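Peer 1: what's the 3D shape of this:
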Amino acid sequence: MRLHIVARGKIGRSPEAEIVDRYAKRVSWDVKISELPDQGGKFPKLDGVTKIVAMDEAGENWTSKKFANLLSAWRDDGVRETRFLIGAADGLSAEERSSADHLFSFGKATWPHMMARAMLAEQLFRATSILAGHPYHREG
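Peer 2: Below you'll find the predicted structure:
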C-alpha cells in the first residue's frame, strides 16, 4: 500500500524538509509526497481503493500502535493508497475535512503545517516498523 502525504504549501529547503526526507526514506512501504498550492487545487479521492486521512486538531488522537493496526487492516482489505491531507497555515477547509474517511490529530495544540509533515513522516516510519516487528518503537 502506498502512503501518500498531500500537503498544501512548499516546504522548501528547511530543517523540517530534512526530517520528512529522512523518515520517508526509512519507511519500507511505498511513500509519495505531493505539494499543492496554499489555496486552490483539489485533493482527489479514488473511491474504494483510497483511504483519506485529514490531519486536523479536532480529529482522533491515535496511539502509534493503533495507527499501525489501522494501516495494516486497510492494506489487508485491499486499500491501494492511504492519503494524508495536511492543510496550509489556515488548516483544511470544511469540504476537505468532510471528504476524509478519518480525522487524525497530534493533540489539541496547533502545529505548524511544516512540522506536522515531519511528525507524520516519523509516525509512518514508526507504524511500519511496528508492523515489521522492528525494535524502533518502545512502549513503556
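
Peer 1: from now on I want contacts and neighbour counts done on CA atoms only, so please keep to that.
Peer 2: Fine.

Peer 1: elements contacting the top helix by length along the chain?
Peer 2: For the chain, the longest helix by residue count, based on DSSP state H, is helix 113-132. Secondary-structure packing of helix 113-132 (3 or more CA pairs under 8 Å, 6 or more residues apart in numbering; DSSP states H and E): helix 15-26, helix 64-76, strand 81-86.

Peer 1: so Asp38 sits against Arg8, correct?
Peer 2: Yes - the pair Asp38 and Arg8 qualifies as a contact (CA atoms under 8 Å) at a distance of 5.0 Å.

Peer 1: what's the neighbour count on Arg2?
Peer 2: Applying other CA atoms under 10 Å, we find 15 other residues in the vicinity of Arg2.

Peer 1: ok, now how distant is the most centrally placed residue in the chain from Lys51?
Peer 2: Nearest to the mean C-alpha position of the chain, by CA atoms, centre = their mean, lies Phe84 at 3.8 Å. Separation of Phe84 from Lys51 (CA to CA, to the nearest Å) stands at 8 Å.

Peer 1: over to Gly9?
Peer 2: For Gly9 relative to Lys51 (CA to CA), the value is 22 Å.

Peer 1: which of those two has more residues huddled nearby?
Peer 2: The neighbour comparison of Gly9 against Lys51 (other CA under 10 Å) goes to Lys51, with 21 against 18.

Peer 1: so who does that one touch?
Peer 2: Trp74, Val79, Glu81, Thr82, Arg83, Ala100, Asp101 (CA atoms under 8 Å, 6 or more residues apart in numbering).

Peer 1: what mean pLDDT does stretch 83-96 get?
Peer 2: On average, the pLDDT along stretch 83-96 is 88.

Peer 1: same question, stretch 49-63
Peer 2: The model assigns stretch 49-63 a mean pLDDT of 93.
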